[in-house]
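> Starting from these lines, generate the structure:
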Amino acid sequence: MHVLVLNASYEPLQKVDLRHAIRMLVREVAVVEEAEEGRTIGSYPVPRVLRLVRYVAMRWRHGRRPPWSKRGVYLRDRGVCGYCGKRGHTIDHIMPQSRGGADTWENTVLACGRCNNRKGSRTPEEAGLRLRAAPRVPRWEELVGR
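Numbers count the residues shown, from 1 in each chain. Now for the predicted structure:
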């Protein structure tokens with residue numbers, strides 16, 4: 001189970017495991033914003049969302065783009081195929097890896113099995129597919145708060 005940690009200003013920071021969340025409560029660096037009803041660990045409610053007591057400056061995020069990840073592509077594309085709009089399950093490289101395409105935000109989209117198989121090792125144009133939206137680097141908030 002993971003617990004969402006919010007900054008003192010209510011912006012999402014990260015997800016931590018339950019053990020870490022309880023340690024934050026014991027140290028009194030965070031307060032419970034949302035808890036699971038009727039469940040406790042000792043005298044603490046089982047948290048779903050914590051908020052830090054003091055604001056933490058996120059300098060490391062400013063000016064830095066999020067690192068590419070498969071989970072990040074899934075979150076950015078909201079689970080939808082970049083070609084047909086159905087539920088997506090696989091990561092597709094717009095410029096295939098076999099032709100030098102890299103794991104980057106701008107070169108990957110989520111794809112359903114049908115579109116991924118249809119495209120194969122070709123570019124979308126060669127396969128007769130059109131991207132519904134241009135792939136982009138997501139905002140940090142898109143990758144944390146879910």
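
> Pretty sure residue 55 sits in a strand.
No: with DSSP: H, G, I helix; E, B strand; the rest coil as the criterion, residue 55 is located in coil rather than a strand.

> residues contacting the closest residue to it other than its chain neighbours?
Closest residue to residue 55 apart from its sequence neighbours, by C-beta to C-beta, 6 or more residues apart in numbering: residue 8 at 4.1 Å. Every C-beta, even on glycine, is put in place using the N, C-alpha and C of the backbone. Residue 8 makes contact with 51, 52, 53, 54, 55, 56, according to C-beta atoms under 8 Å, 6 or more residues apart in numbering.

> Residue 8 falls within a helix, correct?
No: Residue 8 sits outside any helix when classified using three-state DSSP, being coil.

> can you count the residues close to residue 101?
16 (other C-beta atoms under 10 Å).

> quick one, strands of this structure?
Listed in chain order, the strands of the chain (DSSP state E) span 2-6, 12-17, 30-41, 44-52, 90-93, 108-111.

> between the first one and strand 30-41, how many degrees?
Yep, that's strand 2-6 we're talking about. 160 degrees (axes from the mean of the first three to the mean of the last three C-alpha atoms, to 10 degrees).

> Would you mind listing the buried residues in strand 2-6?
3, 4, 5, 6 (16 or more other C-beta atoms under 10 Å).

> So what's the predicted local confidence for the last one?
Yep, that's residue 6 we're talking about. If you check residue 6, the pLDDT there is 94.

> For stretch 123-136, which residues meet the burial criterion?
Applying 16+ other C-beta under 10 Å to stretch 123-136 flags 124, 129, 135 as buried.

> The second one touches residue 119, doesn't it?
Yes: in terms of C-beta atoms under 8 Å, residue 129 counts as a neighbour of residue 119; the distance is 5.8 Å.
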